[in-house]
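[1] Quick one: sequence and predicted model below, then my questions.
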Amino acid sequence: MSQVDDPARGEGAGADEELTGAAARNADLAVPAEITAGSVGEYLRSSVARIKAGESGVLPVVGGLILISILFQSLNSNFLTAQNLVNLLVQGAVFCLLAMGEVFVLLLGEIDLSIGFVAGVGGVIMADTVGPNYGWPWWVAIGAALLACAAIGLLQGLIITRIGLPSFVVTLAGLLFWQGMLLHILGNGGTFPVNESIINDLTSSNLTNTEGWIVLVVIEAVYAALVWRRDAKRRAAGLVAPPPTVTLLKIAAAVVAGVALVLLCNTDRGILEPISGVPWVVLLVLGVLAVWTFLLGRTKLGRYLYAIGGSAEAARRAGISVAWVRTSAFVLCSFTAGIAGVVYTSRLRSISTTVDGGTLVLYGIAAAVIGGTSLMGGRGKALHGVLGGIVIAAIDNGMGLLGYTAATKYMVTAFVLLVAVTIDALTHRGRAAGT
């Protein structure tokens, strides 16, 4: 990874000045080491050296996902079919979104145990306000749900930062309180159906095949322009950046991945009637991923999150408003949980007292950690939440195809989580020994 990919740093020398002294040094320790290279060969050698030093990035989760796919495909030939894989992506959307939200607080070494039921509250508010009781437009109902979830995050964040209570205790209380609020609004055994077609289409409708290719071309063009411009500016300024060939290889890899995704989704996966196209919810997850990746990697708030995760005291001495940044992390976490609640309600076309917020929050945290976010703070990306969410969905989907019970799914997921945490602990130990 080049310096430009370092999420604790901004573009140019000006951003480095914002994380001065001890805070900057701790922020640097919290992210993978920089790679300085003048050629592709040198870049590859530097990458191998970094991996040997324990900075494996997303390689463990990608390798694990490949192994999981091979295993389930060998046991059931339907696993890698287009129908199942696209269904897997839709199923995993909620896990990916919850995990991306959890990344914000995990970066600080904190945790939020309430996001499962916060998502449920968001779903209830949307379903109620768009229904016959209020009849709000769908976009107003969704906006109200997201604002309410952000307000919940603000409330819990202020309690944690201003009163000084542990996030574990506050958000555990939040889990119980918002579960009770959910039951209070819905009543015993209550259900709020959603009859708004646009909301329901979010998880049940797809782009046309042509629209999928058009969206892909636009996304890839924007991505290529941004990446090339970013690396070129750094090279022109004499800052650390990968060689032009490596930049082109990154762009090519993104194009190949995008083409593969569109080809997969455009495959006819219908049974009684033709069904094809990229699901809307996949675009939603990718959109949230892009926004949160930009926020963490290219904004002052993102740099401060990494700095505080490296050392809160050093960040405070550097002039960073630690309380404000920590509160913001909980707001962003709950806001993202609200998006997950909208998707969850859209998929079920209703929201009821059967919402299993406890399982949702555990899957969200597990997905973030399995994807590569450190429980010890200071290291993680939004991408880790998406990759971990796909792994969780793949395990759940694959074991469902094989007819395993929910009990077995939980035990296998627990084992995968334990492996991920072990890798994180060993990496942290190796990094600490090398400093």
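    Received the coordinates, thanks. Numbers count the residues shown, from 1 in each chain.
[2] For stretch 271-291, list the C-alpha coordinates in CSV.
    Output of stretch 271-291 as CSV, limited to C-alpha atoms (Å, rounded to 0.1, in the frame of the first residue of the first chain):
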residue,chain,number,x,y,z
ILE,A,271,-37.4,-20.2,-12.6
LEU,A,272,-41.0,-19.5,-13.7
GLU,A,273,-40.1,-16.3,-15.6
PRO,A,274,-36.9,-14.6,-16.7
ILE,A,275,-35.1,-12.6,-14.0
SER,A,276,-31.8,-10.8,-14.5
GLY,A,277,-30.0,-7.6,-13.8
VAL,A,278,-28.1,-6.0,-10.9
PRO,A,279,-30.2,-5.7,-7.8
TRP,A,280,-30.9,-2.2,-6.6
VAL,A,281,-29.7,-3.1,-3.1
VAL,A,282,-26.2,-4.1,-4.4
LEU,A,283,-25.8,-0.6,-5.8
LEU,A,284,-27.0,0.8,-2.4
VAL,A,285,-24.3,-1.2,-0.5
LEU,A,286,-21.6,-0.1,-3.1
GLY,A,287,-22.8,3.5,-2.7
VAL,A,288,-22.5,3.4,1.1
LEU,A,289,-19.1,1.7,0.7
ALA,A,290,-17.9,4.5,-1.6
VAL,A,291,-19.1,7.3,0.7
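[3] Just want the most central residue of this structure.
    Nearest residue to the geometric centre of the chain (Cα atoms, centre = their mean): Met100, 2.6 Å.
[4] so where's this structure shaky on pLDDT?
    The model of the chain has pLDDT under 70 over residues 1-43, 47-57, 427-435.
[5] Repeat the analysis, applying 80 as the threshold.
    1-59, 188-189, 238-241, 420-421, 423-435 (pLDDT under 80).
[6] Does anything pack onto the helix or strand encompassing Ala425? Which helices or strands?
    Assigned by DSSP states H and E, Ala425 falls within helix 406-433. On a contact count with 3 or more Cβ pairs under 8 Å, 6 or more residues apart in numbering; DSSP states H and E, helix 406-433 meets helix 59-75, helix 357-371, helix 382-401. In this view, the C-beta of every residue, glycine as well, is placed from N, C-alpha and C.
[7] I figured the residue nearest to the centre of the chain hits Lys381, correct?
    No - taking contacts as Cβ atoms under 8 Å, Met100 lies outside contact range of Lys381: 9.3 Å.
[8] What are the phi and psi values at the nearest residue to Phe335 once chain neighbours are set aside?
    In this structure, Phe335 finds its nearest non-sequential neighbour in Ala150, 4.3 Å apart by Cβ to Cβ, 6 or more residues apart in numbering. When quoted as degrees, to the nearest 10, the phi and psi of Ala150 stand at phi -60, psi -40.
[9] can you check Asn206 too?
    Residue torsions, per degrees, to the nearest 10, at Asn206 are phi -130, psi 160.
[10] Neighbours of it, how many?
    Counted with other Cβ atoms under 10 Å, the neighbours of Asn206 add up to 22.
[11] Then the one 10 residues further on?
    Counted with other Cβ under 10 Å, the burial measure for Leu216 works out to 18 neighbours.
[12] Over to Ala237?
    Using other Cβ under 10 Å: Ala237 sits among 11 other residues.
[13] repeat for Lys409
    As a burial measure, Lys409 scores 17 neighbours (other Cβ under 10 Å).
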